[in-house]
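1. sequence first, then the predicted structure:
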Amino acid sequence: MLRIEYAYWLCGLLFAVCAIIDARARRPLHTAFWGILAVVLLGGDAFEAMYAAGDKFADQAVGVGVIALALLAGSGKLKRRAVDDDASARERSAARFGNTLFLPALLIPLGTLALALTQPWLHIGDVAIFDARQATLTALGVTCVLALIAAMWLTRATPAHAGIETARLLDALSWAALLPMLLATLGGVFTATGVGAAVGHLSSMAIPADSRFACVIAYGLGMVVFTVIMGNGFAAFPVMTAGIGLPLLIQQHHANPAALGALGMLTGYCGTLLTPMAANYNIVPVALLELRDSNAVIRQQWQTALWLFVVNIILMYFFAFS
Amino acid sequence: MNYWPLLGVVVVVLGFALRLNPALVVVAAGVVSALLSGMSVPDLLALLGHTFIGNRTLLLFVLTLPAIGLLERAGLRERARHLIGRLRQLTFARLLISYLAVRQVLSMLGLLDVAGHAQTVRPLLAPMSEAAAEKIDPALDDEDHQRVRAMAAATDNVGRFFGEDVFIALGAVLLIQGFFAQNSIDLDPKSIAIWAVPTAIAAFVIHAIRIVLMQRRLARKVRDAAH
């Protein structure tokens, strides 16, 4: 059975290859950075099993690794490498291969789609091929391998070429590749240290509870602001709904919980469009698309977010109280 | 209640305002917040490590890089531009609005990771959008190139987020249901998902209008330059 853990190991392998290529090019800080990530991804399963058995040592060592990663990123020495940009060679190559170049690239989304939709029926004997847990991401892992094989076959490239290209892209992404994981970690730390509860407590003290409109606005704004801080609507939802949604809007003003919950979460998503803390959506693409302004994606999103916020507040105020 | 851990939030805000390295700021904020909550250093390290490992799914986009890297070296992005240049009917707005629709529908089916910034935006959608914008303004300047690429990324985000909640068996709806269940309110996931439909439609309409406005702005710039 194909499990998501295999995809993690594959990912760890890529980081290890990148670390080796950087080591050969005498970039010791890059090597350390990707090396730590390789260890975390290759050993993640074993570390989680140790933690479950009550042994925290491995997780503490990873904790030290996380701090080391942050210091490496903060040192400013993980300079993005200049890419040897041979545009004319790429133009010639593009003309030679023609539209067949799209086939491996489209294999990733279309193959993932096909596998994700058919996976409940894919069996060998009685054993399901895909673990139902995280099946889409496991399917993504499989199609990425298939796309790589197709791309190597098409362009007559060797695995070594693929390794060099991966290292080029990873070094171009640099610490931005890691930021989503660090932010999710911060979300976990904030929850564990009671930051969420404190914010909910403070904001519920500041609201004129008798006005339904004021409560709706406070809940909506609270979802946006807390999502902007945490970078994630999922982190904001339990805090704001426990602080404002449940006691004021549902119990006092009799809101419909299903409507309030759905619209509250979607209001939080407006915040996701506004914040650099949602790094995988707003910062990783800045690095991937080589944009100069680190807020370039947010600049294209804020108006959509603002209008959607207004729509959500109107829907909540007029339709969530039946 | 202990309010001191809130200083971790202050560290985040200050760090971003001072434009320090975000990775450093984020880890520093976690350490500050944990220490002020009275956590011991070994527990802090274990918490950092454990949550970090628990979120490693977020690195899986890296798996797309070997294939995408090879294809880019072989001219994938150049070919994507070329293709859009030849398809006369496919304007900038039509391209991005179609992508938005497809992305929203995929999200509604729970297929969030089928598309994304690494999988589809960088290799395909961004160069195609640039080529489509160049059909309006052949002398598209660098600033506008950057804006068009950013708009491609923004369109992927909007499509992803405002389709997701309509799917019943996915994170958001289950989180909402779970939260209310803990507070003794039992909800059918379908009743939650149905409330995400109006916002999904609004997101499509609003963002589509903004894409059309961007196309008009590009066209107006060309007209103004001609006078």
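-> Looks like it arrived, so ask away.
2. which residue packs closest to the most centrally placed residue in chain B, ignoring adjacent ones?
-> Closest to where the C-alpha atoms of chain B average out (C-alpha atoms, centre = their mean) is B:Asn157, at 3.2 Å. Spatial nearest neighbour of B:Asn157, chain neighbours left out: A:Tyr281 (4.9 Å); criterion: C-beta to C-beta, 6 or more residues apart in numbering or on different chains. The way it works is simple: take the backbone N, C-alpha and C, and place the C-beta from them, glycine included.
3. need the contact list for the one you found.
-> By C-beta atoms under 8 Å, 6 or more residues apart in numbering or on different chains, A:Tyr281 lies in contact with A:272-273, A:297, B:117, B:157, B:160.
4. where's the residue minimising distance to the centre of chain A, which helix or strand?
-> The centre of chain A sits closest to A:Asn280, judged by C-alpha atoms, centre = their mean, with a distance of 4.3 Å. Assigned by DSSP states H and E, A:Asn280 belongs to helix A:279-282.
5. please identify the buried residues of the next helix or strand after that helix?
-> Toward the C-terminus, helix A:279-282 is succeeded by helix A:284-288 as the next helix or strand (DSSP H and E). Using 16 or more other C-beta atoms under 10 Å in any protein chain shown as the test for burial, helix A:284-288 gives A:284-288.
6. tell me the mean pLDDT for the lengthiest helix in chain B?
-> Using DSSP state H to define each element, chain B has its longest helix at helix B:197-226. Mean pLDDT, helix B:197-226: 94.
7. ok, the residue nearest to the centre of chain B - contacts?
-> Residues counted as contacts of B:Asn157 (C-beta under 8 Å, 6+ apart) are A:272-273, A:281-282, A:297, A:301.
8. and the angle from the helix or strand that contains it to helix B:197-226?
-> Here B:Asn157 sits within helix B:142-164, counting by DSSP H and E. Relative orientation of helix B:142-164 versus helix B:197-226 (axes from the mean of the first three to the mean of the last three C-alpha atoms, to 10 degrees): 170 degrees.
9. circling back to that earlier point, save the contacts of A:Tyr281 as TSV, and put in pLDDT and distance to A:Trp307 too.
-> What follows is those, written out as TSV (pLDDT from 0 to 100; distance: C-beta to C-beta, whole Å):
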residue	pLDDT	distance to A:Trp307
A:Thr272	95	15
A:Leu273	96	11
A:Val297	96	17
B:His117	91	23
B:Asn157	96	15
B:Arg160	92	18
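10. pick the one among those residues closest to A:Gln119.
-> A:Gln119 lies nearest to B:Arg160 out of those, by C-beta to C-beta, at 20.9 Å.
11. gap between stretch B:206-221 and the chain center?
-> 20 Å (C-alpha atoms, centre = their mean, to the nearest Å).
12. buried sites along it?
-> B:206-208, B:210-212, B:214-215, B:218, B:221.
13. so which of those residues also contact chain A?
-> Contacts with chain A within the buried residues of stretch B:206-221, as defined by C-beta under 8 Å from any C-beta of the partner chain: B:206-207, B:210.
14. just give me how far the worst-scoring helix or strand of chain B on mean pLDDT sits from the chain centre.
-> One helix or strand of chain B scores below all others by mean pLDDT, DSSP states H and E: helix B:171-182, with a mean of 81. Distance of helix B:171-182 from the chain centroid (C-alpha atoms, centre = their mean) equals 23 Å.
15. that one packs against which elements?
-> Counting by 3 or more C-beta pairs under 8 Å, 6 or more residues apart in numbering or on different chains; DSSP states H and E, the packing neighbours recorded for helix B:171-182 are helix A:233-240, helix A:257-272, helix B:189-194.
16. and with 10 Å instead?
-> Under the contact criterion of 3 or more C-beta pairs under 10 Å, 6 or more residues apart in numbering or on different chains; DSSP states H and E, helix B:171-182 touches helix A:233-240, helix A:257-272, helix B:142-164, helix B:189-194.
17. can you list contacts of the last one?
-> Which is helix B:189-194. If you take C-beta atoms under 10 Å, 6 or more residues apart in numbering or on different chains as the criterion, helix B:189-194 is touched by A:256-263, A:265, B:108, B:165-170, B:172-177, B:180, B:188.
18. returning to what we had before: of the contacts of A:Tyr281, closest to A:Ala105?
-> Of those, the one sitting nearest to A:Ala105 (C-beta to C-beta) turns out to be B:His117, at 14.1 Å.
19. what's the burial count for that closest one?
-> 26 (other C-beta atoms under 10 Å in any protein chain shown).
20. likewise for the one 5 residues further on?
-> Around B:Arg122 there are 27 other residues, counting by other C-beta under 10 Å.
21. show me what contacts it?
-> B:Arg122 neighbours (C-beta under 10 Å, 6+ apart): A:169, A:284-285, A:287-290, B:64-65, B:68, B:72, B:76-77, B:116, B:149, B:152-153.
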